[in-house]
Structures are given as C-alpha cells and as structure tokens.
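> please find the sequence and the predicted model below.
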Amino acid sequence: MKTRLMCAAVLCVAAGLAQAAPASKASVEKLFDVQNFDKMMDDTAKAMPAAAAASVQQSMPDVPADKRQKVQSIINRYMSDYMREVGEKSTRAEIRRVAVEGVQKVYTQEEVDAMIAFYGSPVGRSITAKMPQYLEATMNPMMNVMQSKMQAFQQKNGGRMQREINQAICGKNTCQ
C-alpha cells in the first residue's frame, strides 16, 4: 500500500514538473514572430521622441519661454543620437536576447504555447496591430500624470528629503 502511494505521489510530482517546463528559445522566438516583436520595437522607438518632447516641455517651467525652443532642439538632437544607438543591430540583438531570456524565466512552455496560439489568431493579430495606436493614445497622458505627481511630490517632500539626506551624509541640514 505504501509503495502504491509513493508511486502515485512521484507520478503526480513528475506530471506537475512536466507541465511547468520552461519555454524553449525556439518557442519564444516563434512567439515574438507572431507578436511582430521587431515591428513593436520599431513603433516604440518612433513614439519615444514625441513622448520625450512632451515630458521635456513639462519639465521646463523654469526655462524662459524665449529659450525653450533652443533647449528643445538640443534635447531632440541628443534623443536622435540615442535612438540611433538603440537602433543599431547589436543593440537590437541584445534587447531581443534579454527579452527572450525574460520570457523563459517567467513563462512556462504551456503559457508560451497559449500566447502563440492567441497572438497567431485573428483577434491576437488585431490586438497586436492596434498596440501602437494604444501606446500613442496613452503614453503622453500617462507621462503627464506621472510628471505632475512627481512635481507635486517634490514640492511637498523635496526639501524635507534633502535635509534628511544631508543629515545622513554630513550630520546637519545643509552640507557644504
């Protein structure tokens, strides 16, 4: 009787482990293909400068109005350089490698197979195709909310936080 129970327990554990198999690299690559991962990366890269510009505009309340355009053009130039670097083949390959490894750490093979089936379906393809529109519709408003909350938080807590940091570093409210 004990032997049968032990065998049944071992079989249950083995079945559970088999179901929780990590996703293979090939299946993750297939998932990225059905999700149009590279296109999503391109679309995200295209949306970043506009989102950054909006964020910069909100973060420049102290910049005189007649200097904002010049400051914005400097930021745009650096953002373009950054985007060019992010768009390099080696960087894209590194991003993809990290994304594959992340999927493999988080999702099981069963889950990746289910995502492949979903994103390969007509509804899944439709959702994937609409993702850039969704990001465009939400990215700036979300950044605006976060920015205003950060400004309010800094106004409320910034001085006190700086004093506490100064106390921790130099033992008084101001360090010099």
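Right, received. Where do you want to start?
> what separates the helix or strand hosting Asp38 from the chain centre, distance-wise?
Using DSSP states H and E, the secondary-structure element containing Asp38 is helix 37-58. Here helix 37-58 is found 12 Å from its chain centre; the criterion is C-alpha atoms, centre = their mean, to the nearest Å.
> following it, which helix or strand shows up next?
Past helix 37-58, the next helix or strand by DSSP H and E is helix 65-86.
> please pull out the lowest mean pLDDT helix or strand from the chain.
helix 2-19 (a mean of 47; mean pLDDT, DSSP states H and E).
> now the helix or strand following it and helix 37-58, what's the angle there?
Per DSSP H and E, helix 2-19 leads on to helix 25-34 as the next helix or strand towards the C-terminus. If you take axes from the mean of the first three to the mean of the last three C-alpha atoms, to 10 degrees, helix 25-34 sits at 60 degrees to helix 37-58.
> against which helices or strands is helix 25-34 packed?
Counting contacts by 3 or more C-beta pairs under 8 Å, 6 or more residues apart in numbering; DSSP states H and E, helix 25-34 packs against helix 89-106, helix 109-120, helix 122-170. For every residue, glycine as well, the C-beta is placed using N, CA and C.
> rerun at 6 Å
For helix 25-34, the elements it packs on are helix 109-120, judged by 3 or more C-beta pairs under 6 Å, 6 or more residues apart in numbering; DSSP states H and E.
> low-confidence ranges, this structure, go.
Scanning the chain for pLDDT under 70 picks out the ranges 1-19, 53, 56-58.
> separation between the residue lying closest to Lys172 once chain neighbours are set aside and Gly159?
Among residues not flanking Lys172 along the chain, Asn166 sits closest, at 6.5 Å (C-beta to C-beta, 6 or more residues apart in numbering). According to C-beta to C-beta, to the nearest Å, Asn166 and Gly159 sit 11 Å apart.
> much appreciated, bye for now.
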